[in-house]
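Enquirer: Got a predicted structure plus its sequence, pasted below:
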Amino acid sequence: MKLLRPPLPEAPLKYILNMHPLNLQGAVIVIGGGIIGSFVAYFLRREGYAGAIRVIERDSTYQYSSTALSAASIRTQFGCEFNVRMSLFGAEMFRQIRDWFGNDANIGYDERGYLILGSLQAAAGMRAGALKQNELGAAIDILTPAQAHARFPWLNVEDIEIATYGAANEGWFDAWALLQLVRREARRLGVEYVEAEAVGIEQAGQRVTGVRLADGRALAADWCVNAAGAAGGKVAAMLGIELPVRARKRTVFHVKTPLESHGFPMLFDNSGAWIRPEGEGYIAGIAPDESNDPDADGDFEPDYALLEDSLWLKLAHRVPAFESLRLLRAWAGHYEVNLLDHNGVLGPHDEISNFLFATGFSGHGLMHAPAAGRAIAEQIVHGAFLALDLAPLGYGRIRRGEPIVESVVY
Ligand SMILES: Cc1cc2nc3c(=O)[nH]c(=O)nc-3n(C[C@H](O)[C@H](O)[C@H](O)COP(=O)(O)OP(=O)(O)OC[C@H]3O[C@@H](n4cnc5c(N)ncnc54)[C@H](O)[C@@H]3O)c2cc1C
(Lines give C-alpha, C1' and ligand atoms only; values in the text may rest on other atoms or scores of the structure.)
Protein backbone atom coordinates (compact mmCIF):
# COMPACT_ATOMS: atom_id res chain seq x y z
CA MET A 1 0.00 0.00 0.00
CA LYS A 2 1.37 3.41 -0.99
CA LEU A 3 1.24 6.11 1.66
CA LEU A 4 1.24 9.69 0.53
CA ARG A 5 3.26 11.17 3.36
CA PRO A 6 5.16 10.22 6.47
CA PRO A 7 3.60 11.09 9.86
CA LEU A 8 2.57 14.71 9.89
CA PRO A 9 5.09 17.44 10.53
CA GLU A 10 3.43 19.57 13.22
CA ALA A 11 4.84 17.77 16.23
CA PRO A 12 7.85 15.71 15.19
CA LEU A 13 9.40 15.72 18.64
CA LYS A 14 6.30 14.25 20.21
CA TYR A 15 6.22 11.53 17.59
CA ILE A 16 9.87 10.72 18.28
CA LEU A 17 9.56 10.78 22.06
CA ASN A 18 6.40 8.70 22.16
CA MET A 19 7.56 5.26 23.35
CA HIS A 20 4.28 3.46 22.82
CA PRO A 21 4.76 0.47 20.46
CA LEU A 22 3.10 1.15 17.12
CA ASN A 23 -0.18 -0.63 16.58
CA LEU A 24 -0.59 -1.15 12.86
CA GLN A 25 -2.62 -4.38 12.67
CA GLY A 26 -6.10 -5.59 13.54
CA ALA A 27 -9.60 -4.67 12.40
CA VAL A 28 -10.99 -1.17 12.89
CA ILE A 29 -14.69 -0.52 12.55
CA VAL A 30 -15.84 3.07 12.25
CA ILE A 31 -19.58 3.55 12.80
CA GLY A 32 -20.65 6.50 10.63
CA GLY A 33 -19.16 7.46 7.28
CA GLY A 34 -19.74 11.21 7.35
CA ILE A 35 -16.88 13.69 7.37
CA ILE A 36 -15.53 12.66 10.77
CA GLY A 37 -15.66 8.88 10.23
CA SER A 38 -14.11 9.34 6.81
CA PHE A 39 -11.27 11.46 8.16
CA VAL A 40 -10.64 8.85 10.89
CA ALA A 41 -10.26 6.13 8.24
CA TYR A 42 -8.12 8.34 5.99
CA PHE A 43 -5.74 9.37 8.76
CA LEU A 44 -5.40 5.81 9.99
CA ARG A 45 -3.87 4.93 6.64
CA ARG A 46 -1.74 8.08 6.70
CA GLU A 47 -0.39 7.01 10.07
CA GLY A 48 0.60 3.67 8.55
CA TYR A 49 -2.23 1.49 9.85
CA ALA A 50 -2.13 -1.66 7.70
CA GLY A 51 -5.04 -3.72 9.12
CA ALA A 52 -8.62 -3.85 7.84
CA ILE A 53 -10.59 -0.61 8.15
CA ARG A 54 -14.34 -0.76 7.62
CA VAL A 55 -16.59 2.29 7.70
CA ILE A 56 -20.20 1.35 8.39
CA GLU A 57 -22.60 3.87 6.84
CA ARG A 58 -26.35 3.28 6.79
CA ASP A 59 -27.09 5.77 4.01
CA SER A 60 -24.59 6.26 1.22
CA THR A 61 -26.69 9.13 -0.19
CA TYR A 62 -25.90 11.06 3.04
CA GLN A 63 -29.15 12.97 2.56
CA TYR A 64 -29.76 13.37 6.31
CA SER A 65 -26.14 13.55 7.42
CA SER A 66 -25.04 16.73 9.17
CA THR A 67 -22.11 16.94 6.78
CA ALA A 68 -24.38 17.32 3.74
CA LEU A 69 -26.78 19.74 5.44
CA SER A 70 -24.35 22.06 7.17
CA ALA A 71 -23.33 25.67 6.53
CA ALA A 72 -19.77 24.42 5.90
CA SER A 73 -17.87 27.30 7.42
CA ILE A 74 -14.71 27.50 9.48
CA ARG A 75 -13.69 29.93 12.17
CA THR A 76 -10.81 30.30 14.57
CA GLN A 77 -12.79 32.50 16.94
CA PHE A 78 -13.33 30.15 19.86
CA GLY A 79 -12.92 30.43 23.60
CA CYS A 80 -11.18 27.08 24.15
CA GLU A 81 -7.58 26.82 23.03
CA PHE A 82 -8.01 23.32 21.59
CA ASN A 83 -10.85 24.53 19.36
CA VAL A 84 -8.69 27.33 17.96
CA ARG A 85 -5.87 24.88 17.27
CA MET A 86 -8.17 22.34 15.63
CA SER A 87 -9.54 25.06 13.36
CA LEU A 88 -6.06 26.24 12.41
CA PHE A 89 -5.22 22.74 11.25
CA GLY A 90 -8.47 22.55 9.27
CA ALA A 91 -7.86 25.93 7.63
CA GLU A 92 -4.34 24.95 6.67
CA MET A 93 -5.62 21.76 5.04
CA PHE A 94 -8.47 23.52 3.20
CA ARG A 95 -6.10 26.18 1.86
CA GLN A 96 -3.71 23.53 0.53
CA ILE A 97 -6.30 20.94 -0.40
CA ARG A 98 -4.41 19.83 -3.52
CA ASP A 99 -1.32 18.94 -1.51
CA TRP A 100 -3.48 16.55 0.44
CA PHE A 101 -5.87 15.14 -2.13
CA GLY A 102 -4.29 15.67 -5.54
CA ASN A 103 -4.33 18.26 -8.28
CA ASP A 104 -7.98 17.83 -9.15
CA ALA A 105 -9.08 18.51 -5.56
CA ASN A 106 -11.36 21.54 -5.26
CA ILE A 107 -13.55 22.31 -2.28
CA GLY A 108 -14.22 25.93 -3.28
CA TYR A 109 -12.60 27.21 -0.11
CA ASP A 110 -13.49 30.90 0.12
CA GLU A 111 -11.20 32.36 2.75
CA ARG A 112 -13.22 35.20 4.25
CA GLY A 113 -13.58 36.10 7.87
CA TYR A 114 -16.34 35.73 10.39
CA LEU A 115 -17.42 39.18 11.52
CA ILE A 116 -18.62 38.71 15.08
CA LEU A 117 -20.42 41.59 16.77
CA GLY A 118 -20.54 42.26 20.49
CA SER A 119 -22.42 44.50 22.88
CA LEU A 120 -20.89 46.59 25.66
CA GLN A 121 -21.26 43.68 28.11
CA ALA A 122 -19.46 41.28 25.76
CA ALA A 123 -16.70 43.63 24.61
CA ALA A 124 -14.00 42.95 27.21
CA GLY A 125 -14.39 39.18 26.87
CA MET A 126 -14.32 39.34 23.07
CA ARG A 127 -11.22 41.53 23.05
CA ALA A 128 -9.39 39.17 25.42
CA GLY A 129 -10.57 36.20 23.37
CA ALA A 130 -9.27 37.68 20.12
CA LEU A 131 -5.88 38.47 21.65
CA LYS A 132 -5.63 34.89 22.91
CA GLN A 133 -6.64 33.50 19.49
CA ASN A 134 -3.93 35.61 17.86
CA GLU A 135 -1.32 34.29 20.30
CA LEU A 136 -2.26 30.80 19.11
CA GLY A 137 -1.73 31.73 15.45
CA ALA A 138 -5.09 33.18 14.38
CA ALA A 139 -5.36 36.55 12.62
CA ILE A 140 -8.25 38.35 14.27
CA ASP A 141 -8.74 42.08 13.75
CA ILE A 142 -10.35 43.88 16.66
CA LEU A 143 -12.53 46.70 15.37
CA THR A 144 -14.33 49.63 16.95
CA PRO A 145 -17.85 50.25 15.66
CA ALA A 146 -16.54 53.09 13.47
CA GLN A 147 -13.82 50.88 12.01
CA ALA A 148 -16.33 48.11 11.36
CA HIS A 149 -18.64 50.55 9.60
CA ALA A 150 -15.80 51.92 7.49
CA ARG A 151 -14.93 48.41 6.35
CA PHE A 152 -18.52 47.19 5.96
CA PRO A 153 -20.60 50.28 5.09
CA TRP A 154 -23.91 48.38 5.00
CA LEU A 155 -23.55 47.47 8.71
CA ASN A 156 -25.67 49.17 11.38
CA VAL A 157 -23.24 49.66 14.29
CA GLU A 158 -25.38 51.90 16.52
CA ASP A 159 -25.83 49.32 19.31
CA ILE A 160 -22.56 47.40 19.20
CA GLU A 161 -19.34 48.06 21.06
CA ILE A 162 -16.91 45.74 19.29
CA ALA A 163 -16.47 43.66 16.14
CA THR A 164 -13.87 40.97 15.53
CA TYR A 165 -12.95 39.82 12.05
CA GLY A 166 -10.84 36.84 10.99
CA ALA A 167 -8.44 38.22 8.40
CA ALA A 168 -7.20 34.68 7.60
CA ASN A 169 -7.95 31.03 8.44
CA GLU A 170 -11.71 31.54 8.29
CA GLY A 171 -14.26 31.13 5.52
CA TRP A 172 -16.48 28.52 3.91
CA PHE A 173 -16.25 25.64 1.49
CA ASP A 174 -18.16 22.85 -0.24
CA ALA A 175 -18.69 20.18 2.41
CA TRP A 176 -20.00 17.64 -0.08
CA ALA A 177 -16.89 18.02 -2.25
CA LEU A 178 -14.69 17.58 0.84
CA LEU A 179 -16.54 14.43 1.89
CA GLN A 180 -16.21 12.94 -1.59
CA LEU A 181 -12.47 13.68 -1.65
CA VAL A 182 -11.80 12.10 1.72
CA ARG A 183 -13.91 9.03 0.87
CA ARG A 184 -12.19 8.66 -2.48
CA GLU A 185 -8.74 8.83 -0.95
CA ALA A 186 -9.66 6.53 1.94
CA ARG A 187 -10.97 3.93 -0.51
CA ARG A 188 -7.89 4.28 -2.68
CA LEU A 189 -5.86 3.47 0.42
CA GLY A 190 -7.86 0.31 1.00
CA VAL A 191 -10.62 1.45 3.36
CA GLU A 192 -13.90 -0.43 2.84
CA TYR A 193 -17.23 1.41 3.09
CA VAL A 194 -20.02 -0.97 4.11
CA GLU A 195 -23.59 0.23 3.49
CA ALA A 196 -25.40 -1.11 6.55
CA GLU A 197 -26.81 0.01 9.87
CA ALA A 198 -24.93 -0.88 13.03
CA VAL A 199 -27.48 -2.13 15.56
CA GLY A 200 -25.34 -3.62 18.29
CA ILE A 201 -21.81 -3.75 19.65
CA GLU A 202 -20.36 -6.99 21.03
CA GLN A 203 -18.27 -6.84 24.17
CA ALA A 204 -16.15 -9.30 26.14
CA GLY A 205 -15.03 -7.98 29.51
CA GLN A 206 -13.67 -4.49 29.03
CA ARG A 207 -13.20 -4.81 25.28
CA VAL A 208 -15.30 -4.40 22.18
CA THR A 209 -15.08 -7.50 19.99
CA GLY A 210 -17.43 -6.78 17.11
CA VAL A 211 -20.33 -4.87 15.59
CA ARG A 212 -23.70 -6.33 14.62
CA LEU A 213 -25.44 -5.05 11.52
CA ALA A 214 -29.16 -4.79 10.77
CA ASP A 215 -28.79 -7.26 7.88
CA GLY A 216 -27.72 -9.94 10.36
CA ARG A 217 -23.98 -9.82 9.75
CA ALA A 218 -21.51 -9.57 12.62
CA LEU A 219 -18.10 -8.02 11.97
CA ALA A 220 -15.17 -8.64 14.28
CA ALA A 221 -13.43 -5.55 15.63
CA ASP A 222 -10.20 -4.86 17.51
CA TRP A 223 -11.15 -1.18 17.59
CA CYS A 224 -14.51 0.51 17.23
CA VAL A 225 -14.93 4.25 16.62
CA ASN A 226 -18.20 6.05 17.29
CA ALA A 227 -18.42 8.64 14.50
CA ALA A 228 -22.20 8.52 14.20
CA GLY A 229 -22.74 12.29 14.43
CA ALA A 230 -26.12 13.20 15.89
CA ALA A 231 -26.74 9.47 16.53
CA GLY A 232 -23.56 9.31 18.66
CA GLY A 233 -25.55 9.02 21.89
CA LYS A 234 -27.51 6.08 20.49
CA VAL A 235 -24.40 4.24 19.37
CA ALA A 236 -22.82 4.70 22.81
CA ALA A 237 -26.03 3.35 24.35
CA MET A 238 -25.42 0.06 22.50
CA LEU A 239 -22.71 -0.52 25.13
CA GLY A 240 -24.81 0.92 27.94
CA ILE A 241 -22.67 4.06 27.92
CA GLU A 242 -24.38 7.37 28.65
CA LEU A 243 -23.16 9.97 26.17
CA PRO A 244 -25.18 13.21 26.27
CA VAL A 245 -25.05 13.79 22.51
CA ARG A 246 -28.47 14.56 21.05
CA ALA A 247 -29.86 15.60 17.65
CA ARG A 248 -31.03 19.21 17.60
CA LYS A 249 -32.70 20.69 14.53
CA ARG A 250 -31.14 23.74 12.85
CA THR A 251 -32.80 25.39 9.86
CA VAL A 252 -30.86 27.09 7.08
CA PHE A 253 -32.62 29.70 4.94
CA HIS A 254 -31.34 30.43 1.44
CA VAL A 255 -32.36 34.01 0.66
CA LYS A 256 -31.88 36.65 -1.98
CA THR A 257 -31.48 40.35 -1.26
CA PRO A 258 -30.56 43.41 -3.32
CA LEU A 259 -27.28 43.72 -1.40
CA GLU A 260 -24.28 42.61 -3.44
CA SER A 261 -22.54 39.77 -1.57
CA HIS A 262 -19.05 40.50 -2.86
CA GLY A 263 -16.80 41.10 0.17
CA PHE A 264 -19.58 40.18 2.61
CA PRO A 265 -18.23 38.11 5.56
CA MET A 266 -19.81 35.34 7.63
CA LEU A 267 -21.69 37.76 9.88
CA PHE A 268 -22.54 36.67 13.42
CA ASP A 269 -24.82 39.22 15.00
CA ASN A 270 -24.94 39.67 18.76
CA SER A 271 -28.61 38.65 18.54
CA GLY A 272 -27.55 35.10 17.55
CA ALA A 273 -28.48 35.50 13.86
CA TRP A 274 -25.90 34.56 11.24
CA ILE A 275 -25.71 35.11 7.49
CA ARG A 276 -23.13 34.58 4.77
CA PRO A 277 -22.96 34.65 0.96
CA GLU A 278 -23.92 31.48 -0.91
CA GLY A 279 -24.01 31.45 -4.69
CA GLU A 280 -25.85 34.54 -5.82
CA GLY A 281 -27.66 34.96 -2.54
CA TYR A 282 -27.04 34.26 1.12
CA ILE A 283 -27.70 31.54 3.65
CA ALA A 284 -28.80 32.48 7.16
CA GLY A 285 -29.98 30.95 10.39
CA ILE A 286 -30.55 31.33 14.10
CA ALA A 287 -30.82 28.77 16.88
CA PRO A 288 -34.31 28.34 18.39
CA ASP A 289 -34.87 29.30 22.03
CA GLU A 290 -33.55 26.65 24.39
CA SER A 291 -37.11 26.09 25.60
CA ASN A 292 -38.13 25.20 22.05
CA ASP A 293 -35.22 22.96 21.06
CA PRO A 294 -36.32 19.34 21.64
CA ASP A 295 -34.57 16.17 20.50
CA ALA A 296 -35.08 16.19 16.77
CA ASP A 297 -34.87 12.51 15.94
CA GLY A 298 -36.21 12.00 12.41
CA ASP A 299 -37.50 15.60 12.10
CA PHE A 300 -35.99 17.40 9.13
CA GLU A 301 -38.87 19.82 8.49
CA PRO A 302 -37.55 23.42 8.20
CA ASP A 303 -38.84 25.71 10.95
CA TYR A 304 -40.18 28.55 8.78
CA ALA A 305 -41.55 30.41 11.80
CA LEU A 306 -37.98 31.19 12.85
CA LEU A 307 -37.51 33.33 9.77
CA GLU A 308 -40.85 35.11 10.08
CA ASP A 309 -40.82 35.68 13.83
CA SER A 310 -37.22 36.34 14.63
CA LEU A 311 -34.43 35.99 12.07
CA TRP A 312 -35.74 38.43 9.50
CA LEU A 313 -36.19 41.25 12.01
CA LYS A 314 -32.73 40.73 13.46
CA LEU A 315 -31.06 40.68 10.06
CA ALA A 316 -32.94 43.79 8.92
CA HIS A 317 -31.94 45.62 12.07
CA ARG A 318 -28.27 44.82 11.51
CA VAL A 319 -28.22 45.25 7.73
CA PRO A 320 -31.13 47.46 6.62
CA ALA A 321 -30.83 46.17 3.03
CA PHE A 322 -32.09 42.80 4.31
CA GLU A 323 -35.55 44.23 4.94
CA SER A 324 -36.44 43.17 1.43
CA LEU A 325 -35.06 39.65 1.50
CA ARG A 326 -36.80 36.90 -0.47
CA LEU A 327 -36.79 33.26 0.60
CA LEU A 328 -35.50 30.91 -2.11
CA ARG A 329 -35.58 27.66 -0.13
CA ALA A 330 -34.88 26.24 3.32
CA TRP A 331 -33.58 22.99 4.76
CA ALA A 332 -33.01 21.57 8.21
CA GLY A 333 -30.20 19.40 9.50
CA HIS A 334 -29.17 18.08 12.88
CA TYR A 335 -26.52 19.50 15.17
CA GLU A 336 -24.90 16.76 17.26
CA VAL A 337 -25.19 18.68 20.51
CA ASN A 338 -23.12 17.63 23.49
CA LEU A 339 -25.50 18.76 26.21
CA LEU A 340 -22.72 18.92 28.81
CA ASP A 341 -20.56 21.61 27.22
CA HIS A 342 -21.00 21.95 23.43
CA ASN A 343 -17.56 20.49 22.81
CA GLY A 344 -16.59 17.33 20.98
CA VAL A 345 -15.99 14.05 22.78
CA LEU A 346 -12.77 12.56 21.47
CA GLY A 347 -10.64 9.57 22.31
CA PRO A 348 -11.01 6.24 24.08
CA HIS A 349 -13.66 5.39 26.63
CA ASP A 350 -12.06 5.36 30.09
CA GLU A 351 -12.94 1.69 30.77
CA ILE A 352 -13.53 0.12 27.35
CA SER A 353 -10.32 1.42 25.84
CA ASN A 354 -10.79 0.03 22.32
CA PHE A 355 -14.06 1.97 21.95
CA LEU A 356 -13.31 5.52 20.84
CA PHE A 357 -15.50 8.60 20.53
CA ALA A 358 -15.36 11.12 17.69
CA THR A 359 -18.67 12.90 18.04
CA GLY A 360 -20.53 15.65 19.89
CA PHE A 361 -18.94 18.60 18.09
CA SER A 362 -22.18 20.57 18.45
CA GLY A 363 -22.19 22.44 15.16
CA HIS A 364 -18.45 22.75 14.56
CA GLY A 365 -17.62 19.23 13.48
CA LEU A 366 -16.88 19.97 9.85
CA MET A 367 -14.15 22.47 10.54
CA HIS A 368 -12.73 20.17 13.23
CA ALA A 369 -13.04 16.94 11.25
CA PRO A 370 -9.43 16.90 9.96
CA ALA A 371 -8.01 17.39 13.46
CA ALA A 372 -10.48 14.92 14.99
CA GLY A 373 -9.70 12.25 12.41
CA ARG A 374 -5.98 12.69 12.86
CA ALA A 375 -6.32 12.54 16.65
CA ILE A 376 -8.27 9.26 16.61
CA ALA A 377 -5.76 7.73 14.19
CA GLU A 378 -2.94 8.74 16.55
CA GLN A 379 -4.75 7.17 19.48
CA ILE A 380 -5.11 3.85 17.68
CA VAL A 381 -1.63 3.75 16.13
CA HIS A 382 0.47 5.51 18.78
CA GLY A 383 -1.71 5.19 21.88
CA ALA A 384 -1.58 8.96 22.46
CA PHE A 385 -2.55 12.36 21.08
CA LEU A 386 0.58 13.68 19.42
CA ALA A 387 0.13 16.59 17.00
CA LEU A 388 -2.34 18.36 19.30
CA ASP A 389 -3.07 17.68 22.94
CA LEU A 390 -6.80 16.94 22.80
CA ALA A 391 -6.91 14.98 26.05
CA PRO A 392 -9.28 17.55 27.63
CA LEU A 393 -11.95 16.37 25.16
CA GLY A 394 -11.87 12.83 26.56
CA TYR A 395 -14.84 10.92 27.98
CA GLY A 396 -13.59 11.36 31.55
CA ARG A 397 -15.18 14.81 31.83
CA ILE A 398 -18.52 13.36 30.76
CA ARG A 399 -18.38 10.73 33.48
CA ARG A 400 -17.36 13.32 36.08
CA GLY A 401 -19.94 15.82 34.81
CA GLU A 402 -17.24 18.49 34.50
CA PRO A 403 -17.93 20.72 31.50
CA ILE A 404 -15.21 22.61 29.62
CA VAL A 405 -17.36 25.49 28.59
CA GLU A 406 -16.90 26.90 25.09
CA SER A 407 -17.91 30.54 25.20
CA VAL A 408 -18.31 31.09 21.44
CA VAL A 409 -21.22 28.83 20.48
CA TYR A 410 -24.05 29.37 18.02
C1 LIG B 1 -27.55 23.42 9.74
C2 LIG B 1 -26.15 23.05 10.15
C3 LIG B 1 -25.13 23.96 9.99
C4 LIG B 1 -23.82 23.58 10.34
N5 LIG B 1 -22.81 24.47 10.10
C6 LIG B 1 -21.53 24.09 10.35
C7 LIG B 1 -20.46 24.95 10.01
O8 LIG B 1 -20.65 26.02 9.46
N9 LIG B 1 -19.20 24.52 10.31
C10 LIG B 1 -18.96 23.32 10.92
O11 LIG B 1 -17.81 23.01 11.17
N12 LIG B 1 -19.96 22.50 11.25
C13 LIG B 1 -21.24 22.85 10.96
N14 LIG B 1 -22.27 22.03 11.29
C15 LIG B 1 -21.97 20.80 12.02
C16 LIG B 1 -21.37 19.76 11.11
O17 LIG B 1 -22.19 19.57 9.99
C18 LIG B 1 -21.20 18.47 11.91
O19 LIG B 1 -20.52 18.76 13.11
C20 LIG B 1 -20.42 17.44 11.13
O21 LIG B 1 -20.93 17.28 9.84
C22 LIG B 1 -20.42 16.13 11.89
O23 LIG B 1 -19.88 15.14 11.06
P24 LIG B 1 -20.16 13.63 11.39
O25 LIG B 1 -19.42 12.85 10.37
O26 LIG B 1 -19.90 13.38 12.81
O27 LIG B 1 -21.75 13.49 11.23
P28 LIG B 1 -22.63 13.10 9.96
O29 LIG B 1 -22.25 13.86 8.76
O30 LIG B 1 -24.06 13.19 10.40
O31 LIG B 1 -22.24 11.59 9.72
C32 LIG B 1 -22.62 10.57 10.63
C33 LIG B 1 -23.05 9.41 9.80
O34 LIG B 1 -23.30 8.32 10.66
C35 LIG B 1 -24.30 7.53 10.07
N36 LIG B 1 -24.86 6.69 11.13
C37 LIG B 1 -25.43 7.07 12.29
N38 LIG B 1 -25.80 6.02 13.02
C39 LIG B 1 -25.43 4.92 12.31
C40 LIG B 1 -25.53 3.53 12.54
N41 LIG B 1 -26.11 3.05 13.66
N42 LIG B 1 -25.06 2.70 11.59
C43 LIG B 1 -24.49 3.16 10.46
N44 LIG B 1 -24.37 4.49 10.18
C45 LIG B 1 -24.83 5.35 11.11
C46 LIG B 1 -25.28 8.55 9.51
O47 LIG B 1 -26.05 7.99 8.45
C48 LIG B 1 -24.35 9.67 9.04
O49 LIG B 1 -24.10 9.61 7.64
C50 LIG B 1 -23.57 22.32 10.92
C51 LIG B 1 -24.61 21.41 11.08
C52 LIG B 1 -25.89 21.75 10.69
C53 LIG B 1 -27.00 20.76 10.84
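Expert: That came through, no problem.
Enquirer: who are the neighbours in contact with residue 367?
Expert: 73-75, 86-87, 90-91 (C-beta atoms under 8 Å, 6 or more residues apart in numbering). C-beta here means a position set from N, CA and C on the backbone, and glycine is covered the same way.
Enquirer: Not counting sequence-adjacent ones, nearest residue to it?
Expert: Excluding its sequence neighbours, the residue lying closest to residue 367 (C-beta to C-beta, 6 or more residues apart in numbering) is residue 74, at 3.8 Å.
Enquirer: so residue 253 sits in a helix?
Expert: No. Residue 253 is assigned strand when assessed by DSSP: H, G, I helix; E, B strand; the rest coil, not a helix.
Enquirer: measure it to residue 303 for me?
Expert: To residue 303, residue 253 is 10 Å away according to C-beta to C-beta, to the nearest Å.
Enquirer: Which of the two has more residues huddled nearby?
Expert: Between residue 253 and residue 303, counted using other C-beta atoms under 10 Å, the more crowded position is residue 253 (25 against 20).
Enquirer: Could I get the pLDDT score of that one?
Expert: Looking at residue 253, its pLDDT reads 98.
Enquirer: Quick one: classify the closest residue to residue 176 other than its chain neighbours as helix, strand or coil.
Expert: With sequence-adjacent residues excluded and distances taken as C-beta to C-beta, 6+ apart, residue 176 is closest to residue 68, at 5.9 Å. Using three-state DSSP, the structure places residue 68 in helix.
Enquirer: dump the residue contacts of whichever residue of the stretch 101-250 of the chain sits closest to the ligand.
Expert: The ligand sits closest to residue 229 of the stretch 101-250 of the chain, with a gap of 2.5 Å, by C-beta to the nearest ligand atom. Residues near residue 229 by C-beta under 8 Å, 6+ apart: 32, 34, 36, 65-67, 334, 336, 359, 365.
Enquirer: Report pLDDT for it.
Expert: Taking residue 229 on its own, its pLDDT is 98.
Enquirer: Quickly note the distance from it to residue 354.
Expert: 21 Å.
Enquirer: hang on, the residue nearest to residue 176 packs against residue 175?
Expert: Yes. Applying C-beta atoms under 8 Å as the test, residue 68 and residue 175 come out as touching, 6.8 Å apart.
Enquirer: Just give me the neighbour total for residue 408.
Expert: 21.
Enquirer: How about residue 157?
Expert: Neighbours of residue 157 (other C-beta under 10 Å): 19.
Enquirer: ok, now which ones touch it?
Expert: Taking C-beta under 8 Å, 6+ apart, we find residue 157 in contact with 145-146, 148-149, 163.
Enquirer: which residues touch the residue of the stretch 1-150 of the chain found nearest the ligand?
Expert: Ranked by C-beta to the nearest ligand atom, the top residue of the stretch 1-150 of the chain for proximity to the ligand is residue 34, at 2.2 Å. Going by C-beta under 8 Å, 6+ apart, residue 34 touches 57, 62, 65-67, 179, 227, 229.
Enquirer: Quick check on it: phi, psi?
Expert: With angles defined as degrees, to the nearest 10, residue 34 sits at phi -80, psi -160.
Enquirer: got the contact list for the closest residue to residue 326 other than its chain neighbours?
Expert: Leaving out its chain neighbours, the residue that sits closest to residue 326 by C-beta to C-beta, 6+ apart is residue 256, at 4.8 Å. When contacts are counted by C-beta under 8 Å, 6+ apart, residue 256 touches 280-282, 325-326, 328.
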